[in-house]
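Visitor: need coordinates for the following:
(one chain, ligands or ions: 2)
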Amino acid sequence: MQPGQLIVITGPSGVGKGTLVRHLLTRFPNLYLSVSATTRPPRPGEIEGEDYYFLDRPSFEEKMAAGEFLESAEYAGNYYGTPQSAIAAQLATGQTVILEIELEGARQVCQSFPEARRIFILPPSFEELERRLRGRGKDAETAIARRLERAQEELAASEEFPDQIVNDDLETALDAIEKIIFSR
Ligand SMILES: Nc1ncnc2c1ncn2[C@@H]1O[C@H](COP(=O)(O)OP(=O)(O)OP(=O)(O)O)[C@@H](O)[C@H]1O
Ligand SMILES: Nc1nc2c(ncn2[C@@H]2O[C@H](COP(=O)(O)O)[C@@H](O)[C@H]2O)c(=O)[nH]1
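Guide: Ligands and ions are numbered 1, 2, ... in the order given. Modelled structure (predicted):
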């Protein structure tokens, strides 16, 4: 069997990656979305094993040292990582796998999976990105400031990614992602 395709969706926090991926999964329920591990505390309503595997720092570091992550990064004061075993199992069965991750992790995947499709999601403007982050209402002001600072660096790296999509109108952005995923 031909191995499945790995799709990496990256871009700054608040650009709408999660929203796009949720809609994509509604359109194509057969896509497999990787559930990441993080040391960030759960936000209200987030569910263990669905939104993230929530770990304390020693447990995350133990797993990192044991090579259990396909990629991992420290972002805005917390660790995030993609569990390796689930991805390998899904790809082996021919499944298309989606990772929704930040820039450092996306770069690592590029090294280990050069054949992965890497899509960078851009905001229509920096002002709109800030509006979305604040409008989401999920992060404290200090966390928003950190994420916006990091967003400047992430946006400066967008050219590293062969596929770039502006998430202005949601349906238009979804159509563009769909085209990339199914263009193999
Ligand atoms: N095309 C769009 N137009 C207007 N608002 C949008 C659009 N896409 C997403 N949003 C809104 O922007 C906010 C941030 O979206 P979302 O949480 O999906 O971002 P994210 O990139 O996944 O962030 P993070 O990386 O922190 O998880 C949400 O309130 C969402 O409803
Ligand atoms: N490198 C990785 N980045 C990840 C992973 N899972 C999520 N993320 C990214 O972290 C930031 C912050 O997420 P939030 O849920 O705290 O808003 C965002 O850019 C995510 O895409 C991962 O496994 N590896």
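
Visitor: show me the contacts for I98.
Guide: For I98, the contact set (Cβ atoms under 8 Å, 6 or more residues apart in numbering) comprises 7, 9, 21, 24, 31-34. Yep, even glycine has a C-beta here, placed from its N, CA and C like the rest.

Visitor: who wins on neighbours among those?
Guide: I9 (26 neighbours; other Cβ atoms under 10 Å).

Visitor: that residue should be in a strand, yeah?
Guide: Yes: judged by DSSP: H, G, I helix; E, B strand; the rest coil, I9 forms part of a strand.

Visitor: hmm, G16 and it touching each other?
Guide: No: under the criterion of Cβ atoms under 8 Å, I9 is not in contact with G16, lying 10.2 Å apart.

Visitor: overlap of the contact sets of those two?
Guide: What both I9 and G16 touch, as defined by Cβ under 8 Å, 6+ apart, is the set I121.

Visitor: contacting residues for F113?
Guide: Going by Cβ under 8 Å, 6+ apart, F113 touches L6.

Visitor: could you dump the contacts of I98 to a markdown table with distance to I101, pLDDT and secondary structure?
Guide: What follows is these, written out as a markdown table (distance: Cβ to Cβ, whole Å; pLDDT from 0 to 100; DSSP: H, G, I helix; E, B strand; the rest coil):
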| residue | distance to I101 | pLDDT | secondary structure |
| --- | --- | --- | --- |
| I7 | 11 | 97 | strand |
| I9 | 8 | 98 | strand |
| V21 | 11 | 98 | helix |
| L24 | 15 | 97 | helix |
| L31 | 16 | 95 | coil |
| Y32 | 15 | 97 | strand |
| L33 | 11 | 98 | strand |
| S34 | 8 | 98 | coil |
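
Visitor: looking at the protein, which helix or strand is least sure?
Guide: helix 84-92 (a mean of 94; mean pLDDT, DSSP states H and E).

Visitor: okay, buried residues for it please.
Guide: Neighbour-count burial for helix 84-92 flags 84, 87, 90-91 (criterion: 16 or more other Cβ atoms under 10 Å).

Visitor: again with stretch 131-142
Guide: For stretch 131-142, using 16+ other Cβ under 10 Å, the buried residues are 132-133, 139.

Visitor: touching ligand 1 at all, that stretch?
Guide: Yes: Stretch 131-142 reaches ligand 1 (Cβ under 6 Å from any ligand atom) through 132, 135-136.

Visitor: closest one of the residues you listed to P41?
Guide: Of all the residues of stretch 131-142 next to ligand 1, P41 sits closest to R136, with 16.4 Å by Cβ to Cβ.
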